[in-house]
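Peer 1: Sequence plus predicted model, see below.
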Amino acid sequence: MNLFEKYGGADFWSDFLNAVYIRLTKSEFVHHHFSDKNISHIKEMLLGLLELTLVSNVEIPKSEMKEFHKNLRISGDEFDEWISIYRLTLDEFGLSESDCTHIVSILSSFREIIVYED
């Protein structure tokens, strides 16, 4: 069974993303990235990306992701905060240690694409 379905499919991951975004919007380090943004749309996109990644291990096009994030000017510290919140929420939602590590590894692989460097 794939990781997306292992924990309950779209309903589980939608609840998970809701919890993540509650934390992100309250974080003093990253909340400014979410003001004036359509959080529901972002969560829908991420739910689709989670499904693609966790069901079929499809590689997300890095050039498109880089283009989308370049104007956001996300710092390394902000990226680390996002990863930390994601990891904390994965733990709280009861994922196994190996599954948490696998998902965080996937997310961390996007660091060079998402983090803005002058």
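Peer 2: Ah, there it is.
Peer 1: contacts and neighbour counts: CA atoms only from here.
Peer 2: Noted.
Peer 1: And the helices in this structure?
Peer 2: Remark: helices assigned in the chain by DSSP state H are 3-6, 9-26, 39-56, 62-69, 76-92, 97-108, 111-114.
Peer 1: can you tell me which of those the model trusts least?
Peer 2: Of all the helices of the chain, mean pLDDT reaches its minimum on helix 62-69 (a mean of 79).
Peer 1: buried set for it?
Peer 2: For helix 62-69, a neighbour-count test (16 or more other C-alpha atoms under 10 Å) marks residue 66 as buried.
Peer 1: Show me the one of the helices of the chain that comes nearest residue 33.
Peer 2: Closest approach to residue 33 among the helices of the chain (C-alpha to C-alpha): helix 9-26, 8.2 Å.
Peer 1: Now do that closest one: everything it contacts.
Peer 2: With contact meaning C-alpha atoms under 8 Å, 6 or more residues apart in numbering, helix 9-26 is reached by 4, 30-32, 34, 39, 43, 47, 51, 82, 85-86, 89-90, 93.
Peer 1: biggest separation within these, which pair?
Peer 2: 4 and 32 (29.5 Å).
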